[in-house]
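Asker: prediction below, plus the sequence it came from.
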Amino acid sequence: MLELAILGFLYDAPLHGYELRKRITALTGHVRPIAESTLYPAIKRLEKAGLLERATEPGAVAAPRHVLTLTEEGRTELRRRLAEPVQRDITDENRWFTVLAFLRHLDDRAAQTAVLRRRLAFLEEPASFFYDGDRPLRAEEFEDPFRRGILTIARATSRAELGWLRETIAALGG
């Protein structure tokens with residue numbers, strides 16, 4: 001997720017590390033805050049792989065800043081990861097939001113639709129946070145208001161996303 005976010009934000013524009021961290025935190029920070037000790041090793045891995053370049057610019061007031069730019073290989077890699085997300089990127093809500101944040105960079109509408117269809121198929125499978133054996137339990141089956149609350153909120157969120165997915169797939173011609 002972190003590498004995808006780095007590639008996605010740098011696809012939009014060159015950024016220095018601090019600005020990149022702020023943007024990633026805005027996207028994912030409420031759930032998974034990004035520490036420097038996590039971000040900078042990921043940047044180094046991507047740089048070593050030839051997916052981004054680092055250039056030094058003089059700082060306005062302080063020390064020089066390192067500006068990160070996506071290479072053509074990095075742009076290609078981002079589009080590949082968007083077209084072929086791993087299953088966890090489809091099923092994990094936070095990872096899915098990261099894919100969704102940059103899916104516009106995938107120029108092929110059919111490829112965009114294919115990714116959305118994978119998420120749609122996942123959401124259409126019966127699921128719950130709680131089970132009786134293999135049977136998913138519904139909110140109405142709980143007297144516990146807290147578990148009922150989790151399932152009620154999840155159902156409303158899923159319905160909203162399902163509606164958006166179906167509408168967007170249709171608009172993309174899929």
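Answerer: Okay, I see it. Numbering: from 1, shown residues only.
Asker: every contact and neighbour count from this point should use C-alpha atoms.
Answerer: OK.
Asker: would you state the helices of the protein in chain order?
Answerer: Chain-ordered helices for the chain, with DSSP state H as the definition, fall at 2-12, 17-28, 36-48, 72-83, 87-91, 93-102, 109-124, 145-171.
Asker: what about the residue nearest to Arg95 when sequence neighbours are not counted, distance to Phe122?
Answerer: In this structure, Arg95 finds its nearest non-sequential neighbour in Asp89, 4.9 Å apart by Cα to Cα, 6 or more residues apart in numbering. Separation of Asp89 from Phe122 (Cα to Cα, to the nearest Å): 11 Å.
Asker: higher neighbour count, these two?
Answerer: A direct count of neighbours by other Cα atoms under 10 Å for Asp89 and Phe122 places Asp89 higher, at 20 against 14.
Asker: ok now do the more buried one, which residues does it touch?
Answerer: Asp89 makes contacts with Met1, Arg95, Trp96, Val99, as judged by Cα atoms under 8 Å, 6 or more residues apart in numbering.
Asker: hang on, the first one packs against Phe97?
Answerer: Looking back up the chat, that one is Met1. No: using Cα atoms under 8 Å, Met1 makes no contact with Phe97, being 9.5 Å away.
Asker: ok, back up a step: of all the contacts of Asp89, which comes closest to Arg79?
Answerer: Within the contacts of Asp89, the smallest distance to Arg79 is 10.5 Å, found for Val99 (Cα to Cα).
Asker: residue contacts, the closest one?
Answerer: Taking Cα under 8 Å, 6+ apart, one finds Leu4, Leu82, Pro85, Asp89 in contact with Val99.
Asker: what about it, distance to Pro64?
Answerer: On the measure of Cα to Cα, Val99 and Pro64 end up 32 Å apart.
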